[in-house]
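J.: Dropping a prediction and its sequence here:
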Protein chains: 2
Amino acid sequence: MRLTRQTNYAIRMLMYCAAKGDGLSRVGEIATAYSVSELFLFKILQPLVEAGFIETLRGRNGGIRLAKPASEITLRAVVVVTEESFSLAECFETGVVDCPLVDSCALNSALRDALNAFLSSLEKQTIETLIGDRGAIRHRLGISDVAPTQVTRRAAPAALTN
Amino acid sequence: MRLTRQTNYAIRMLMYCAAKGDGLSRVGEIATAYSVSELFLFKILQPLVEAGFIETLRGRNGGIRLAKPASEITLRAVVVVTEESFSLAECFETGVVDCPLVDSCALNSALRDALNAFLSSLEKQTIETLIGDRGAIRHRLGISDVAPTQVTRRAAPAALTN
C-alpha cells in the first residue's frame, strides 16, 4: 500500500514553502533540495495552485509560496487533491473487474471504513505540524537563514510589479 | 492509494472458502467465479497457507479450505501477510530517495499514525463479517446449495487418504 509519488512530493513541496515562511521559493531550488527533477515538481504544482495551497508570483523575482497559513493545510486536504484514486481495490472501479460480489460486497464497506480512519488521522496533521522547529528544517533543506519577513518585503513587491 | 491485487484476491479467496463452509474448494472453481487466472490464485495461495489461513488437502478429491474459523481471520492479519510494503512513501525505504529530511521527517510519523488507524479499522473486520448471509454469497458465487457439512463428510476423508 503506497501513496503516489505525486502526493509524497506535493507534501514535501508544501513543507519547503512553509519552511521558507513568507519568502518566495523557486521550483528549481526545491528540486535541488529534494534531488528530483524540476519538470516533475512543475507537474505537481498545478493541482496545488488550483486547490489554493500555493500561489505563484510571476516575473524575474517571482516564485511560489503558500497561499494560506501552513496550519490551515491539512494532510488530508493535500492527499485528497493529489491521489488519483481512493479505490483501495480495483474491483470497485466500474467495469474494471468482473466479480459477482461487486454490487453488494462487504469488503467494499470494510475498506471504506479503514480509508476513512486513515484520512481522519491525516486530518489532524497540517503542514505546520510537519515543519515543527522551522530553524531545524530550514537548515536541513539548505535554506539560507535570512529572516523570512525581510525576504518577503524585498521580493514580493518586485514580483508583483512584473 | 491502493492495496495490491494480491491482497484483494487473497481476501476474495478466503471469502470463497468461508462461503463453502467446511466443504473443499478447487482453485480452478474460485478462478472461474472471480474471472481471474488459476495461476494468479495459486501464487496468492502459498502465503495464505504459510500464514495458517488456508489448508490444502491433496489428492483426486482434494482441495483447499479455511484452516481456522472465518471469525478468527481478521482483515488486518490478511493485509499484513499479502501487502508487499507498508512504506506509504518510497522515501522511507532506505536508499531509495535522497531526501535531506529522511532521518527526522515528521511526515514519516504522520503517515505511520494514519496507517495504524487504517490497520486498526481492518482489525475489527473478519472474513466472517464480510460473508454475512452465507446463503446470499453462495448464490452470488455460484456455489451449489448442497449442505456444507455433507460435502465435508464425503470429501475430506477421501482427500486425506490420497
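T.: That came through, no problem. These numbers were taken from a predicted model, which means no experiment stands behind them. Numbering: from 1, shown residues only, chains lettered A, B, ... in the order given.
J.: quick one, helices of chain A?
T.: Using DSSP state H, the helices of chain A run over A:5-20, A:27-34, A:38-50, A:75-82, A:106-123, A:127-131, A:134-140, A:148-161.
J.: Leaving out the residues flanking it, which one is nearest to A:Phe118?
T.: B:Phe118 (4.1 Å; C-beta to C-beta, 6 or more residues apart in numbering or on different chains). No exception for glycine: its C-beta is placed from N, CA and C like everyone else's.
J.: Show me the one of the helices of chain A that comes nearest B:Leu101.
T.: Closest approach to B:Leu101 among the helices of chain A (C-beta to C-beta): helix A:134-140, 5.8 Å.
J.: The closest one close to chain B?
T.: Yes - using C-beta under 8 Å from any C-beta of the partner chain, helix A:134-140 comes into contact with chain B via A:136-137, A:140.
J.: what do you get for stretch A:20-33?
T.: Yes - counting by C-beta under 8 Å from any C-beta, chain B has neighbours in stretch A:20-33: A:Ala33.
J.: In PDB, could you pull the C-alpha coordinates for that stretch?
T.: C-alpha atoms of stretch A:20-33 as PDB (Å, rounded to 0.1, in the frame of the first residue of the first chain):
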ATOM      1  CA  LYS A  20      10.600  29.500   3.700                       C
ATOM      2  CA  GLY A  21       7.900  31.400   5.600                       C
ATOM      3  CA  ASP A  22       6.700  34.300   3.500                       C
ATOM      4  CA  GLY A  23       9.800  34.100   1.300                       C
ATOM      5  CA  LEU A  24       9.400  33.000  -2.300                       C
ATOM      6  CA  SER A  25      10.800  29.800  -3.500                       C
ATOM      7  CA  ARG A  26      11.800  28.700  -7.000                       C
ATOM      8  CA  VAL A  27      10.800  25.300  -8.200                       C
ATOM      9  CA  GLY A  28      14.400  24.700  -9.200                       C
ATOM     10  CA  GLU A  29      15.700  25.200  -5.700                       C
ATOM     11  CA  ILE A  30      13.100  22.800  -4.300                       C
ATOM     12  CA  ALA A  31      14.000  20.200  -7.000                       C
ATOM     13  CA  THR A  32      17.700  20.600  -5.900                       C
ATOM     14  CA  ALA A  33      16.900  20.300  -2.200                       C
END
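J.: returning to that earlier point: now the helices of chain A in TSV, with distance to B:Val49?
T.: What follows is the helices of chain A, written out as TSV (distance: least, C-beta to C-beta, whole Å):
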stretch	distance to B:Val49
helix A:5-20	34
helix A:27-34	42
helix A:38-50	42
helix A:75-82	35
helix A:106-123	21
helix A:127-131	42
helix A:134-140	46
helix A:148-161	58
